[in-house]
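> Any chance you can model this:
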Amino acid sequence: MEGGGVVSSEKQNAEPPATSSYTYWVRDVKKDAAPLPVPRKLTDQDLSVGSNHLGSAWNKAGTWEEKNLNKWATDRIKELVLSVGSLEFSSGKAEIAEVSRCIGDAFLVTVRNKKRVGYTYEITLKVKGEWLVGGEKKRFSGNLDLAEFSFGELDDLQVEVRLNEAKDLLVEDKQRIHQDMKMFLKPICEKLQEFEAELKER
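Numbers count the residues shown, from 1 in each chain. Now for the predicted structure:
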């Protein structure tokens, strides 16, 4: 038809172009926008701020933080106990020769900017000495076992004596040597009190 147009059926039935149903936002960066944060290493000035703050520098909020002190505590207990040295008795003398067993845990906890320390240990000490038995000096060795003890409980510390090579000893001689070896408990306890004082200063 002249002056008019006929729309083909193909155009009439044509579907509109498909559009994506996914919508996302893109930050429109402007000149006056705040820059994105960049990680940086803590400086000495950062570390000096709040000198009364306990715990790590990253833990400014003072939330729970625990530090393992096992290595230091084990080495220090051994060193202190060995420094007891020797003791003289009415009929002999003996010395702590070795810390044959020293196991346990020690820790420092910081929570809400407050510090708390604690430990639990048990140790076995090898003792060597000589006593006058039957009119002559005889050498003996034994072990001192200190069962599990914890911070603030040293007043209740107990020691068990295990004497070696005592088969031929009379009962009274054996009891005397046992009592002498138990005398190590007091100086050992004093050394462990030193350990607790140092632990509190960690």
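> Which parts of this protein are helices?
Along the chain, counting by DSSP state H, helices occupy 9-12, 44-48, 70-82, 171-182, 185-200.
> Present these as a markdown table; the columns should include mean neighbour count, mean pLDDT and distance to residue 129.
(C-beta placed from N, C-alpha, C; glycine too.) Formatted as a markdown table, the helices of the chain follow (neighbours: other CB atoms under 10 Å; pLDDT from 0 to 100; distance: least, CB to CB, whole Å):
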| stretch | mean neighbour count | mean pLDDT | distance to residue 129 |
| --- | --- | --- | --- |
| helix 9-12 | 7 | 49 | 114 |
| helix 44-48 | 9 | 56 | 52 |
| helix 70-82 | 16 | 98 | 15 |
| helix 171-182 | 16 | 94 | 8 |
| helix 185-200 | 15 | 96 | 15 |
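> Would you mind putting the ones you listed into CSV with distance to residue 145 alongside?
Formatted as CSV, those follow (distance: least, CB to CB, whole Å):
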stretch, distance to residue 145
helix 9-12, 101
helix 44-48, 45
helix 70-82, 13
helix 171-182, 11
helix 185-200, 11
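> Which one of those lies nearest to residue 151?
Closest to residue 151 of the helices of the chain is helix 185-200 (CB to CB; 6.2 Å).
> who's in contact with the residue nearest to the spatial centre of the chain?
What sits nearest the mean C-alpha location of the chain, by CA atoms, centre = their mean, is residue 68, with 2.5 Å. Residue 68 is in contact with 105-107, counting by CB atoms under 8 Å, 6 or more residues apart in numbering.
> Repeat the analysis, applying 7 Å as the threshold.
Residues in contact with residue 68 (CB atoms under 7 Å, 6 or more residues apart in numbering) are residue 107.
> all strands for the protein, in order.
Under the criterion DSSP state E, the chain carries strands at the ranges 65-68, 86-89, 92-111, 114-133, 136-150, 159-163.
> Can you add distance to residue 200 and mean pLDDT and give these back as JSON lines?
Below are those laid out as JSON lines (distance: least, CB to CB, whole Å; pLDDT from 0 to 100):
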{"stretch": "strand 65-68", "distance to residue 200": "14", "mean pLDDT": "90"}
{"stretch": "strand 86-89", "distance to residue 200": "28", "mean pLDDT": "96"}
{"stretch": "strand 92-111", "distance to residue 200": "10", "mean pLDDT": "95"}
{"stretch": "strand 114-133", "distance to residue 200": "6", "mean pLDDT": "95"}
{"stretch": "strand 136-150", "distance to residue 200": "14", "mean pLDDT": "94"}
{"stretch": "strand 159-163", "distance to residue 200": "24", "mean pLDDT": "95"}
